[in-house]
Structures are given as C-alpha cells and as structure tokens.
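[1] Quick check, what structure comes out for this input:
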Amino acid sequence: MLPIPAYINTIFILTTIGTLIWTIVGMLQSPNASTKKAANIAALLLLMWCIFQSTLALNKWYIDRIGTPPHLTFALAGPLVVFGLLMLIPSTRKILYGLSLFHLTAIHTVRIPVEITLWLLYLHQQVPVSMTFEGFNFDIIMGLTAPIVCYVIYRNKSKRNLLLAWNILGLCLLGIIVSTAIGAAPTSVQWRDFSYPNYAVIHFPFIWLPSFIVPVVLISHVLSIRKLIQNED
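    The predicted model follows:
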C-alpha cells in the first residue's frame with residue numbers, strides 16, 4: 001500500500017471508534033433490561049474483534065492473492081455468521097431486538113465519513129473510482145438522509161412504510177458497494193478494477209470497514225426491517 005496522509009487514517013479510526021461507541025450507547029439506552037446488561041460484554045467483545053482484525057492486517061494476513069476462498073472473506077463473513085447464530089438463540093435474539101429504531105437508524109450517519117474516506121483513498125490510488133460517489137457508490141445518500149429520517153419519519157408513526165422503504169434501499173446500496181469492493185480487492189477472485197484495485201481494505205486501519213462497520217450497518221438494516229414489519233419501536 002502506498003503511503004497516504006495521516007489524516008486519512010485518523011478520519012477512519014475516529015469513524016470506527018464512533019461507530020463502536022454509538023452501538024454501545026444504543027444498548028445502554030435500550031428500554032430492554034437484557035440489552036442494557038449485555039452492553040459491557042458487547043463492548044469488550046467488539047473491541048477484541050477490532051484488535052484481532054488489526055493484528056491480522058498488520059501481519060499482512062489479508063494480503064493473499066491465491067487463497068480460495070480469499071482471507072478477506074473471513075473479515076466480512078465472520079461477524080455475519082456470529083449474528084446468524086445469535087439470532088438462533090432466544091436470549092441473545094432478545095438482546096438484539098432490544099435496540100431501538102432511533103439508534104438503528106441514526107447509526108447510518110457513519111456512512112458519510114466512510115464515503116469521504118473512500119474518496120480520499122481514491123485520490124491516493126488506494127481504491128478504484130467505482131467505490132466512490134464518483135463511481136457506482138451512492139451509499140452516502142443513506143448517511144445524508146439518516147438524520148432527516150430520524151427526525152421526520154421516525155417521529156411520525158404514520159410514516160413507517162417510508163422508513164421500511166428507506167431501509168430496503170439502504171440494503172440495496174450496501175449490496176452494490178460490497179460487491180464492488182469484493183470484486184476489486186486484490187485476491188484470487190478479483191474480477192474488476194485491475195488498474196486500481198481495492199488495496200486499502202486489506203490494510204490497517206481500513207480492514208475495519210469490511211470486518212466491523214459494514215456488518216454493523218447491514219445488521220442495523222436487518223433489525224430495523226424486522227421491527228417495522230412487527231410494528232415495534
């Protein structure tokens with residue numbers, strides 16, 4: 001990975017820390033007692049996961065062009081597998097359901113600094129233009145509209161269908177950028193953007209994007225959609 005200005009790393013590290021803090025705040029402010037009690041454990045586990053991912057990236061474990069499946073698969077699939085298992089257990093499922101729609105919606109503002117980071121990385125040839133808002137990544141729309149959705153739609157209970165549509169749109173946009181990022185990553189399954197691959201994501205601190213921030217955003221959408229369908233807050 002080419003040297004990049006320190007402020008880009010700083011922006012992304014602060015973005016990751018903010019995402020972690022907001023996740024725990026959402027648990028602590030939940031009306032569900034089980035969710036509140038689990039906040040400290042969740043904070044510790046999430047912090048350990050981020051440190052573990054940092055260790056792998058700093059030791060160049062993710063720089064793998066021949067492995068099948070690519071090592072990078074572990075970063076994204078690991079948290080999603082754990083989430084699936086937690087949803088199968090009644091007690092942990094109750095904890096996840098305890099997160100409020102407000103917190104699950106507001107967390108999407110993290111997509112603003114993420115998209116700014118990706119654009120800055122593109123300017124330094126560390127990700128392809130297709131991963132930015134100049135290419136096929138319109139994910140910043142969700143970040144910009146999240147505060148509006150929290151204030152206008154969430155406060156008006158009659159607008160729940162619009163909130164549901166917003167979450168479905170968010171899932172679609174997330175799917176586009178994730179597929180683009182995977183396809184552009186320098187691995188054995190790379191199929192696009194060979195001139196300017198997605199170098200950044202396999203290095204520290206940007207490994208936190210697929211291993212932490214993307215799963216949090218994805219899970220937030222899934223939980224929100226479930227709550228809206230069940231008519232819960």
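[2] Please look at Thr145 and Asn167 and confirm they touch.
    No: Thr145 lies out of contact with Asn167 (Cβ atoms under 8 Å); the separation is 11.3 Å. Where you see a C-beta, it was placed from the backbone N, CA and C, and this is true even at glycine.
[3] Comparing these two, which residue is more hemmed in?
    More neighbours surround Asn167 than the other of Thr145 and Asn167, with 25 against 19 (other Cβ atoms under 10 Å).
[4] how far away is that one from Leu223?
    Asn167 is 9 Å from Leu223, where distance means Cβ to Cβ, to the nearest Å.
[5] quick one: the helices in this structure?
    6-28, 33-37, 39-58, 72-88, 90-97, 101-106, 111-123, 140-148, 160-184, 208, 214-229 (DSSP state H).
[6] shaky segments in this protein?
    Applying pLDDT under 70 to the chain flags residues 1-2, 154, 157-158, 193.
[7] try 80 this time
    Applying pLDDT under 80 to the chain flags residues 1-2, 64-68, 152-159, 188, 192-196, 232-233.
[8] Which residue lies nearest the spatial centre of it?
    Closest residue to the average C-alpha location of the chain: Val214 at 1.9 Å, with Cα atoms, centre = their mean.
[9] my read: it touches Leu76, true?
    Yes: taking Cβ under 8 Å as the definition, Val214 is a contact partner of Leu76 at 6.4 Å.
[10] Overlap in contacts, these two.
    Both Val214 and Leu76 are in contact with Val178, where contact means Cβ atoms under 8 Å, 6 or more residues apart in numbering.
[11] Leaving out chain neighbours, which residue sits closest to Ile141?
    Leu173 (6.8 Å; Cβ to Cβ, 6 or more residues apart in numbering).
[12] what's the answer for Asp64, then?
    Of all residues not flanking Asp64 in the chain, His71 sits nearest, at 4.3 Å (Cβ to Cβ, 6+ apart).
[13] does the one you found really touch Asn59, like I thought?
    No: taking contacts as Cβ under 8 Å, His71 lies outside contact range of Asn59: 11.2 Å.
[14] Between the two, point out the one with more neighbours.
    More neighbours surround His71 than the other of His71 and Asn59, with 17 against 10 (other Cβ under 10 Å).
[15] which ones are touching that one?
    By Cβ under 8 Å, 6+ apart, the residues touching His71 are Leu56, Trp61, Tyr62, Asp64, Thr187.
[16] Isn't the fourth one up against Leu72?
    Yes: using Cβ under 8 Å, Asp64 makes contact with Leu72 at a distance of 7.4 Å.
[17] Of the two, which one has the most company?
    More crowded of Asp64 and Leu72, by other Cβ under 10 Å: Leu72, with 25 against 18.
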